[in-house]
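In: Give the three-dimensional model of this entry:
(chains A and B)
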There are 2 protein chains.
Amino acid sequence: MAEETRIRLAHGGGGQLTAELIAGTILPALGGGQRADRLTDAAVLEAGAEKLAFTTDSYVVQPLEFPGGDIGKLAVCGTLNDLAVVGSEPLAMSLSLVLEEGLEIELLRRVLASAGAAASEAGVAIVTGDTKAVERGGVAGMIVNTAGVGRMLPAADLGFDRISPGDEIVLSGPLGEHALAVMSCREGLSFSAELESDCASVCGMARSLIERLGPSVHFMRDPTRGGLAATLAEVAAACGRQIEINERAIPVNRTARAAAEMLGLDLLSAANEGKLVAFVAAGAGAAAAEILATDPLGRRAATIGRVGGTGDPPMVEMVTAIGGRRVVQMPYGEDLPRIC
Amino acid sequence: MAEETRIRLAHGGGGQLTAELIAGTILPALGGGQRADRLTDAAVLEAGAEKLAFTTDSYVVQPLEFPGGDIGKLAVCGTLNDLAVVGSEPLAMSLSLVLEEGLEIELLRRVLASAGAAASEAGVAIVTGDTKAVERGGVAGMIVNTAGVGRMLPAADLGFDRISPGDEIVLSGPLGEHALAVMSCREGLSFSAELESDCASVCGMARSLIERLGPSVHFMRDPTRGGLAATLAEVAAACGRQIEINERAIPVNRTARAAAEMLGLDLLSAANEGKLVAFVAAGAGAAAAEILATDPLGRRAATIGRVGGTGDPPMVEMVTAIGGRRVVQMPYGEDLPRIC
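Out: The predicted structure follows:
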């Protein structure tokens, strides 16, 4: 394939093209020597005696408000979730705004109130920030960035290298609700009001898993851009193993499924913003799903698959509802611009 | 004044209107109970036994590359500087990109190489990041956000409440070079090539001051948006004291002065991106300037003023070059959109 010379929308989709941009351009140019195939949701660093997690995300979602959330809540939950899935307890957050000239201050107020409420519900303070303004048309309303610092939980021992053959894969709830709520709202579909983004903090669920199952929790991720498909494809590649999931076991919301069919989207690769995927030791799947189900966000948690042997190439396969087998590809990245 | 209902460019200028937006809308909406008049460049937080500094900034500068720097170097130095002036040693940074569809990847590569070089020169790793893409016209090329975590230096004891009558004010070098380099470049002025942004990390200078003068260093800030005028006006308001500066003592670059005259800008309120203002104990100004001058960035460091008694209202006054007195106002915020 000829090397790309210009940025495409798909470079921001969280799929294959994003991965190529990060591995081929961003990391080499930054020169920090990081391995592109070992990137986790948050970096872990040492500060004296403390082990910290540190993460950031920028949010460009359109529209700024959608059923179930808005860019403020999304920005807070997204960063909290990145801290949670690496096994840390969120400690503090930053929030940085780029505002468009002409933006209604009342809208800004609503979005920030929603961000503040999400942070306070998780018991985390927004301690620092920044505000820039650009000319009309310079951004679409606003862009929000959040960064977060967490303290690693002592009981957390997570990493790609801990994923082992036989590990069970547990998903905390139905797929694709964020992407489908935003897309339906954007397209003006009639059921858009019924369909709400799952935008929420998974901190409570992640913490319960680690506190109750300790080292049996091997790896966690929140399947955002690129959905479950991207998460599993990335994990398979990073640990060099086969992954098998079972379509019948995957919780799905009926309205989301209908919307996906109407919009021609695959629920597997649609973004979630309040879901957790955990890789736990063989035999621990049912216990993990039970722990997740005690949280209102995890009521429909289920064991959806398992890790197999070494794969060459490592691959994700799904046993379909009618008993066939289908390879789950890393999404290319073009489906859903500005979904988060 | 009637309450504003829409965002204006001046809301992002770092002056009075930015301060009003933060105090009147942003902090109340977020609901975290922070005092708007006590915001420092970075928040200080406790993680177990460690005291950490945490900060963020988004960068929207246009053009993306300018004499003396680019948006990547600016984003890294800006965050390093915010960590440095609160008395911390930078530990790690994040870098988050919002890219415009159609952006040349070669330009992205240059900007990131420049960001990476600035981080590595300061001995700090960029450990986490994010990449989003938006449609053509969605942003002007790219927006960069950086956040940073630092460890507080044990010898640092800084804060608005440490500023005392008689404190001497030391500035590390000539004013306004960043703003004037960017504006000259934007306006296509002929001397734009001679005029370079001062964009640099002040970490070394800040650290030397703290290590050598310890508790005699009472407060530090890097005078970015809104320039020295905004920094001093904010400090005067926060500590409730009069501040007097001496125009003749303020180091100025001749080309910057000529550019400022041509563009109708005031050097006092023009943005700097590699300068440090330190408030040190009475009698310690000369020593501080000498310490700064051992760093190539601080060659022209000078004591430029002092803190007076309690002021009602607290005010910044400048003894002008011809011996008059002029009140230095907090800039309103409209002069220089997209300067950082």
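In: next structured bit after whichever strand or helix holds A:L292?
Out: Per DSSP states H and E, A:L292 falls inside helix A:285-293. Later in the chain than helix A:285-293, the nearest helix or strand by DSSP H and E is strand A:302-310.
In: what is the orientation angle of that next one with helix A:285-293?
Out: With axes from the mean of the first three to the mean of the last three C-alpha atoms, to 10 degrees as the basis, strand A:302-310 and helix A:285-293 are set at 140 degrees to each other.
In: all strands for the stretch 151-300 of chain A, in order.
Out: Using DSSP state E, counting those that start in this stretch, the strands of the stretch 151-300 of chain A run over A:168-171, A:217-221, A:241-246, A:277-280.
In: Let me have those strands in CSV, extended by mean neighbour count.
Out: Every residue, glycine included, has its C-beta placed from N, CA and C. Shown next, in CSV, are the strands of the stretch 151-300 of chain A (neighbours: other C-beta atoms under 10 Å in any protein chain shown):
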stretch, mean neighbour count
strand A:168-171, 26
strand A:217-221, 25
strand A:241-246, 20
strand A:277-280, 26
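In: For chain B, find the nearest of those.
Out: strand A:217-221 (14.6 Å; C-beta to the nearest C-beta).
In: The residue of the stretch 51-200 of chain A found nearest chain B: what secondary structure?
Out: For the stretch 51-200 of chain A, the residue closest to chain B is A:A133, as judged by C-beta to the nearest C-beta, at 2.8 Å. Secondary structure state of A:A133, per DSSP: H, G, I helix; E, B strand; the rest coil, is strand.
In: One more: A:I126?
Out: Per three-state DSSP, the local secondary structure of A:I126 is strand.
In: cool, and A:R326?
Out: A:R326 is classified as strand under three-state DSSP.
In: ok, back up a step: need the residues that contact the helix holding A:L292.
Out: A:168-170, A:172, A:205, A:208-209, A:212-213, A:216-217, A:276, A:278, A:280, A:298-303, A:306 (C-beta atoms under 8 Å, 6 or more residues apart in numbering or on different chains).
In: so A:C340 makes contact with A:V61?
Out: Yes. With contact defined as C-beta atoms under 8 Å, A:C340 counts as touching A:V61 (5.4 Å).
In: Stretch A:105-123 vs chain B: in contact?
Out: Yes. Stretch A:105-123 lies within reach of chain B by C-beta under 8 Å from any C-beta of the partner chain, at A:105-106, A:108-110, A:112-113, A:115-117, A:119-120.
In: Please compute how far that stretch lies from its chain's middle.
Out: 20 Å (C-alpha atoms, centre = their mean, to the nearest Å).
In: ok, and for it, which residues are buried?
Out: A:105, A:107-119, A:121-122 (16 or more other C-beta atoms under 10 Å in any protein chain shown).
In: ok, back up a step: I'd like the strands of the stretch 151-300 of chain A written out as TSV, with mean pLDDT and distance to chain B added.
Out: Output for the strands of the stretch 151-300 of chain A, formatted as TSV (pLDDT from 0 to 100; distance: least, C-beta to the nearest C-beta, whole Å):
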stretch	mean pLDDT	distance to chain B
strand A:168-171	98	23
strand A:217-221	98	15
strand A:241-246	98	25
strand A:277-280	98	19
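In: so what's the residue nearest to the spatial centre of chain A closest to, chain neighbours aside?
Out: Closest residue to the average C-alpha location of chain A: A:T224 at 2.8 Å, with C-alpha atoms, centre = their mean. For A:T224, ignoring the flanking residues on the chain, the nearest one in space by C-beta to C-beta, 6 or more residues apart in numbering or on different chains is A:A271 at 5.3 Å.
In: Please report how far that neighbour lies from chain B.
Out: Applying C-beta to the nearest C-beta, to the nearest Å, the value for A:A271 to chain B is 12 Å.
In: Look up which residues are beta-bridged to A:V316.
Out: A:I243 (DSSP bridges).
In: ok, back up a step: can you flag which of the buried residues of stretch A:105-123 belong to helices?
Out: A:105, A:107-119, A:121 (DSSP state H).
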